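K.L.:
Got a sequence here, can you model it:
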Amino acid sequence: MAKKGRGGAVGEKGKRWLASAAVLALVVCAASMAVGLRNRTTRPPIEEISGNVRLEVLNGTGEEGLGRVVARALMSKNIDVLFIGNADAFDYPASILIARRENAEIKTLGELIGCRHLIEQLKDDSMVDATLIIGADYRRLDLGSPAESGLSE
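P.N.:
Model prediction:
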């Protein structure tokens, strides 16, 4: 004579545990999607401000060719880079974004690339909206993956 089981292959406790795990997985998934949507709506992709900011990129590190590399990375994101050159010094410890004209997109650009230092030095006769001086912290800037940006670790 066969023994009677306690509810088949999975007991009542197991069924409750599986149901709880499934509900928890759905909640985590929904929360993750909500956070992703919130981030997408509060932080537009850098391409959305392209054409709205004309930029000058200046190398403040002395590392040869760095201005061109950063400018290329920004241009690949459709940011208008009008001038590439050297800063007045090569000892900038941090990258700085300098607003030269009033443009709300400059602050957004700074946030998107992770430039923590934004200052205003407005000039009526400036041909650019902003100047990005690349500092020693340039590897922290969010310019795409190292392979995309040309910046190696």
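
K.L.:
now the helices: where do they sit in this protein?
P.N.:
12-42, 66-76, 104-113, 146-149 (DSSP state H).

K.L.:
Nearest residue to residue 126 in space, ignoring adjacent ones along the chain?
P.N.:
Leaving out its chain neighbours, the residue that sits closest to residue 126 by CB to CB, 6 or more residues apart in numbering is residue 100, at 3.9 Å. For the C-beta atoms, the positions are set from N, CA and C on the backbone; glycine is no exception.

K.L.:
Then residue 102?
P.N.:
Spatially, and ignoring its direct neighbours in sequence, residue 102 is nearest to residue 122 (6.6 Å; CB to CB, 6+ apart).

K.L.:
just to revisit the earlier point, may I have the residues that are in contact with the residue nearest to residue 126?
P.N.:
The neighbourhood of residue 100, defined by CB atoms under 8 Å, 6 or more residues apart in numbering, consists of 56, 121-123, 126, 128-131.

K.L.:
switch to 6 Å and redo it
P.N.:
123, 126, 128, 130 (CB atoms under 6 Å, 6 or more residues apart in numbering).

K.L.:
Residue 60 now?
P.N.:
Residues in contact with residue 60 (CB under 6 Å, 6+ apart) are 87, 92, 133-135.

K.L.:
Highest neighbour count among those residues?
P.N.:
residue 134 (25 neighbours; other CB atoms under 10 Å).

K.L.:
With that, I have no additional questions.
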